[in-house]
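Novice: Output the structure for:
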Amino acid sequence: MKNVTIEIKWAIFFSLMTLAWMFLEKISGLHSTYIDYHLYLTNLFAIPAIWMMVLALKDKKKNFYHGQMSYTQGLVSGIILSVFIALISPLTQWVISYVITPEYFPNVIKRSVEIGYFATTEEAEAQFNYPNYAKQSAIGSLVMGILTTVIAMLFLQTKNKG
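Specialist: Reported below is the predicted structural model:
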């Protein structure tokens, strides 16, 4: 368990950062008044998400591997971190959906039908709901976390000086 303490710590930090981001989206009106912009602006979440992954990998390198981390060691750490984030994500999504912004699904369903993105409310409801978002967040965080790690470790690995 001690081997994955850093990954667990950063998965919790990542989840808290996600909740803070969603709270900021809500108070800025992206889940209500400015919902038309949500589709585009929510993608900016990639910036702090990548930053958190890089900080986690740097922490692992410095405090577990004492500054000497191979690409493979970092890849394993990033995959473990991504799995923990994916496991926590349904709970994080529940807090977002039912505590932070319970009006998001009704608002996005209504608006997506109004603009013709979906023909019926039922079609929109099939897309915009907690179970669907919980699955998407788990799969998305796993895939994006691993992809981020694959790229970040190209820069963070300890280079052989030989």
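
Novice: Flag every buried residue along whichever strand or helix holds K135.
Specialist: Assigned by DSSP states H and E, K135 belongs to helix 130-156. For helix 130-156, a neighbour-count test (16 or more other C-beta atoms under 10 Å) marks 133-134, 137-138, 141-142, 144-146, 148-149, 152-153, 156 as buried. From N, CA and C alone the C-beta is placed, and that goes for glycine too.

Novice: tell me what that helix is packed against?
Specialist: helix 46-63, helix 71-95 (3 or more C-beta pairs under 8 Å, 6 or more residues apart in numbering; DSSP states H and E).

Novice: Of all those, which one comes closest to L19?
Specialist: helix 71-95 (6.0 Å; C-beta to C-beta).

Novice: outside of the closest one, which residues touch it?
Specialist: Residues from elsewhere that reach helix 71-95 (C-beta atoms under 8 Å, 6 or more residues apart in numbering): 4, 6-8, 10-12, 14-15, 18-19, 53, 56-57, 60-61, 64-65, 69, 130, 133-134, 137-139, 141-142, 144-146, 148-150, 152-154, 156-157.

Novice: send the alpha carbons of the helix or strand harbouring A11 over as CSV?
Specialist: Following DSSP H and E, one finds A11 within helix 5-27. Taking C-alpha atoms only, helix 5-27 is exported to CSV below (Å, rounded to 0.1, in the frame of the first residue of the first chain):
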residue,chain,number,x,y,z
THR,A,5,0.3,6.3,-1.4
ILE,A,6,1.4,9.1,-3.7
GLU,A,7,-1.1,8.0,-6.4
ILE,A,8,-3.9,7.8,-3.9
LYS,A,9,-3.1,11.3,-2.6
TRP,A,10,-3.0,12.8,-6.1
ALA,A,11,-6.2,11.0,-7.1
ILE,A,12,-7.9,12.7,-4.2
PHE,A,13,-6.4,16.1,-5.2
PHE,A,14,-7.5,15.5,-8.8
SER,A,15,-11.1,14.8,-7.6
LEU,A,16,-11.1,17.9,-5.4
MET,A,17,-9.8,20.0,-8.3
THR,A,18,-12.6,18.5,-10.5
LEU,A,19,-15.2,19.5,-8.0
ALA,A,20,-13.8,23.0,-7.7
TRP,A,21,-13.8,23.4,-11.5
MET,A,22,-17.4,22.3,-11.7
PHE,A,23,-18.3,24.8,-9.0
LEU,A,24,-16.6,27.5,-11.0
GLU,A,25,-18.5,26.5,-14.1
LYS,A,26,-21.7,26.6,-12.2
ILE,A,27,-21.1,30.1,-10.6
